[in-house]
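**Q** Could you work out the structure for the sequence below:
(2 chains)
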Amino acid sequence: MAADIAALLLAFQVLGGVVVGRLVGLARRKVSVLGAIPSIIWHPMLGSPAIALVLVTLMESTLEEWGGFLINFYMAIISIVLCFPLGVLLALGRRSSFPIIRLVTTTYIELIRGAPLFVLLLLAGVALEFFIPPSIAPDAIFRGVTVFTLFTAAYLAEIVRGGLQSIPKGQTEAGKALGLSTTKITYLITMPQALRNVIPAQIGQFISLFKDTTLAGAALNILDVLNVGTAITKQQDFLGQGLIYEALAFVALLFWVGSYVMSRESQRLEKRLGVGVR
Amino acid sequence: MSSEVFKDATRMSGGRASDEAIVAMEGVYKRFKDFEALKNINFQVGKQEVVVVIGPSGSGKSTLIRCINRLEEHDDGRIIVDGTELTTDVRNIQEIRKETGMVFQSFNLFPHLTVLANIALAPRQVRGMPKSEAEALARELLERVKIPEQADKFPAQLSGGQQQRVAIARSLAMKPKVMLFDEPTSALDPEMINEVLDAIKQLAQEGMTMVVVTHEMGFAKEVADRVVFMADGEIVEVGTPSEIFDNPKEERTQKFLAQIL
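**A** Here you go, the predicted model:
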């Protein structure tokens, strides 16, 4: 489907931009704002599946033809890339000096955080049918990605806001005293420090998102790794053999490996950014 | 009263200060809820003049200089910096902040940037200076505060005295018309106080206009053209260092000096 390919290409573009940003950042031995972001996706182990996804799509296969772990990966990676900027914007919105922006973002964050993720996924599955004819309605994976993005962005917003609040007032004052505008103080001084401080919480949120992709399988009837796993045990040959435990354990192991890589990469990133800093 | 003292100071300091006021405060009040932090402040700083503000803690010294670059908003009266009046107009505030440098008690260096980047940041981002030029300027300023070898380190790798000198260089990079020092040595270990005071003295000798809030009375005696004594949000007494330290007229000044000297 053209829309999927476009979405993938867009994600790839973003990824590419982030990779370049990171290289530039490394060269200068400092961290660009974008560079502090989900560095997990540039990790060779996690970045290459993303590129593989794009290649697969370009070879004219459709998302419906995919199945299994690739789907979970796809949803997690696209959601992480998209929810990050949204989360940062929401965090800034909640601290805005304009009451209307504050009201809108706060309402959004509180509404989304107050709703169970599974319910939102189910809602995305059924509610859209009321407004959009089935022939042009977005496919299940797209809906899943949208829900994950909007959901995680709300949590991320609060994490980033907490990070911004942890920056001493003196940093803003020093920026003001030098004549920097509020925007530049945020972009150049407070936000880079805030993002660095909240790396562990951010990565925790991303790990959680990664594992939650299995919910999309159940809620939106997507053939993700969990559904594949359970489907195998229901095959004629395996029925009645009680192999469900093995299947579930293997699915759990897959997620553990992915989460562990993210966690290690987060520690590596913290270490690298911690150079010369209290 | 202040203008009389001002002329006096001009005479006493060998005519160093000109009649042109860089900072002028007229009837300035500042309130925090029910607490009056500044009461009817009338105060001028002439070109190339060094004014040292002393007084007990909570007397409004810091609030006074923080009003000059609008880190605090005054409630009444007028503040004019280099011919521009501080109003709610953001452009005026930006203009004034470009012309005033400030050095804080807690340094407030940017911990995620190298020393060089700390200094080059404002010239690049506010004045639009090219990177190479800004970094050359930063190195020159580091030379001036005598720590050129620290350029590529991060602030946390420096001693307190070195950090404060970087902070001074960072302010100077904007080529300000007046420098404000808010207790620049209060957070320093004793052995580092002198290196920072020396940097400030050197600036004074080069003719920088400055307002210094400090508890270093030796420094005040040596460097100040005028000393301002504040208590309870008011300017109690203004005079040359010898007038204030050797022959204070007001009772509150006498009491304060008796306590600390």
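**Q** how far away is residue B:103 from residue B:249?
**A** Distance of residue B:103 to residue B:249, given as Cβ to Cβ, to the nearest Å: 31 Å. Backbone N, C-alpha and C define where each C-beta goes, glycine included.
**Q** in stretch A:171-181, what's buried?
**A** Buried residues in stretch A:171-181, counting neighbours by 16 or more other Cβ atoms under 10 Å in any protein chain shown, are found at A:171, A:172, A:173, A:174, A:175, A:176, A:177, A:178, A:179, A:180.
**Q** Hmm, the fifth one is touching residue A:183, no?
**A** No - here residue A:175 does not reach residue A:183: they are 10.6 Å apart, not a contact under Cβ atoms under 8 Å.
**Q** how about the closest residue to residue A:79 other than its chain neighbours, what does it touch?
**A** Counting by Cβ to Cβ, 6 or more residues apart in numbering or on different chains, the nearest residue to residue A:79 once its immediate chain neighbours are dropped is residue A:148, at 3.8 Å. Contacts for residue A:148 (Cβ atoms under 8 Å, 6 or more residues apart in numbering or on different chains) come out as A:75, A:76, A:79, A:83, A:209, A:212, A:213, A:216.
**Q** ok, residue A:198 to residue A:154 distance?
**A** Relative to residue A:154, residue A:198 is positioned 15 Å away (Cβ to Cβ).
**Q** no wait, residue B:83
**A** Per Cβ to Cβ, residue B:83 is found 49 Å from residue A:154.
**Q** just to revisit the earlier point, and residue B:103 and residue B:249? Which one has more around it.
**A** The residue with more neighbours, out of residue B:103 and residue B:249, is residue B:103; 28 against 11, by other Cβ atoms under 10 Å in any protein chain shown.
**Q** give me phi/psi at that one?
**A** Residue B:103 adopts backbone torsions of phi -120, psi 130, taken as degrees, to the nearest 10.
**Q** same check, this time on residue B:31
**A** Dihedral angles of residue B:31 (phi, psi; degrees, to the nearest 10) stand at phi -120, psi 140.
**Q** What residues does the stretch 151-278 of chain A have near chain B?
**A** A:168, A:170-171, A:173-174, A:176-181, A:184, A:188-189, A:192-193, A:196, A:275-278 (Cβ under 8 Å from any Cβ of the partner chain).
**Q** Mind checking which of these land in strands?
**A** Judged by DSSP state E, these include no members of strands.
**Q** Which ones among these lie within helices?
**A** Secondary structure of those is defined by DSSP state H; positions in helices are A:170, A:171, A:173, A:174, A:176, A:177, A:184, A:192, A:193, A:196.
**Q** Tell me the spacing between the last one and residue B:220.
**A** Counting by Cβ to Cβ, the gap between residue A:196 and residue B:220 amounts to 40 Å.
**Q** pLDDT on stretch B:144-163, on average?
**A** Averaged across stretch B:144-163, pLDDT comes to 94.
**Q** In contact with residue 250, which residues are there?
**A** I went with chain A, as the question did not name one. Contacts here follow Cβ under 8 Å, 6+ apart; on that basis residue A:250 touches residue A:229.
**Q** please go with chain B instead
**A** When contacts are counted by Cβ under 8 Å, 6+ apart, residue B:250 touches B:229, B:236, B:237.
**Q** Roughly how far does it sit from residue B:154?
**A** Shown here: residue B:250 relative to residue B:154, a distance of 47 Å by Cβ to Cβ.
**Q** How about the residues of the stretch 51-200 of chain B by chain A?
**A** Residues of the stretch 51-200 of chain B lying close to chain A (Cβ under 8 Å from any Cβ) are B:69-71, B:94, B:97-98, B:100-102, B:104, B:106, B:108-114, B:117, B:121-122, B:125-126, B:153-157, B:167, B:170-171, B:174.
**Q** Going by neighbour count, which of those are buried?
**A** For these, a burial check counting by 16+ other Cβ under 10 Å picks out B:69-71, B:97-98, B:100-102, B:104, B:106, B:108-114, B:117, B:121-122, B:125-126, B:153-155, B:167, B:170-171, B:174.
**Q** In helices only, show me these.
**A** The members of those that map onto helices under DSSP H are B:97, B:98, B:117, B:121, B:122, B:125, B:167, B:170, B:171.
**Q** Angles on the backbone of residue B:32, please.
**A** The phi and psi torsions at residue B:32 (degrees, to the nearest 10) take the values phi -110, psi 100.
**Q** pLDDT score assigned to residue A:71?
**A** Confidence at residue A:71, expressed as pLDDT, is 84.
**Q** count of neighbours near the closest residue to residue A:196 other than its chain neighbours?
**A** Once flanking residues are discounted, residue A:196 sits nearest to residue A:273: 5.1 Å by Cβ to Cβ, 6+ apart. Taking other Cβ under 10 Å as the neighbour definition, residue A:273 ends up with a count of 21.
**Q** Provide the secondary structure category for residue B:53.
**A** The three-state label given to residue B:53 by DSSP: H, G, I helix; E, B strand; the rest coil is strand.
**Q** pLDDT below threshold where in chain A?
**A** In the predicted model of chain A, residues A:1-66, A:129, A:131-138, A:274-278 satisfy pLDDT under 70.
**Q** quick one, phi psi at the most centrally placed residue in it?
**A** Central residue of chain A (Cα atoms, centre = their mean): residue A:80, 1.5 Å from the mean position. The phi and psi torsions at residue A:80 (degrees, to the nearest 10) take the values phi -60, psi -50.
**Q** wait, isn't it in contact with residue A:207?
**A** No - counting by Cβ under 8 Å, residue A:80 does not reach residue A:207; the two are 10.0 Å apart.
**Q** hang on, the earlier thing: chain A: which of the contacts of residue B:250 is nearest?
**A** Nearest to chain A among these: residue B:229, at 25.2 Å, using Cβ to the nearest Cβ.
**Q** Buried ones in the strand or helix carrying residue B:22, by neighbour count?
**A** Taking DSSP states H and E as the definition, one finds residue B:22 inside strand B:21-32. Across strand B:21-32, burial judged by 16+ other Cβ under 10 Å covers B:21, B:22, B:23, B:24, B:25, B:26, B:28, B:29, B:30.
**Q** Which ones, among those residues, also lie beside chain A?
**A** Among these, proximity to chain A is found for none (Cβ under 8 Å from any Cβ).
**Q** what two of the residues you listed are the furthest from one another?
**A** Of all pairs drawn from the buried residues of strand B:21-32, the greatest distance, 21.6 Å, lies between B:22 and B:29 (Cβ to Cβ).
**Q** for chain B, which helix is longest?
**A** Assigned via DSSP H, chain B shows its longest helix as helix B:190-205.
**Q** What's the first helix or strand after it?
**A** Scanning the chain past helix B:190-205 towards its C-terminal end, the next helix or strand to appear is strand B:209-213 (assignment: DSSP H and E).
**Q** That following strand - what's its average pLDDT?
**A** Averaged over strand B:209-213, pLDDT sits at 96.
**Q** is any part of it close to chain A?
**A** No - figure legend: strand B:209-213 not in contact with chain A (Cβ under 8 Å from any Cβ); closest approach 13.2 Å.
**Q** Could I get the buried residue list for the next helix or strand after that strand?
**A** Per DSSP H and E, the first helix or strand lying C-terminal to strand B:209-213 is helix B:217-223. By 16+ other Cβ under 10 Å, the buried positions in helix B:217-223 come out as B:217, B:219, B:220, B:221, B:223.
**Q** Phi, psi for the residue of chain B found nearest chain A please.
**A** Per Cβ to the nearest Cβ, the residue of chain B with the smallest distance to chain A is residue B:154, at 2.9 Å. Dihedral angles of residue B:154 (phi, psi; degrees, to the nearest 10) stand at phi -90, psi 150.
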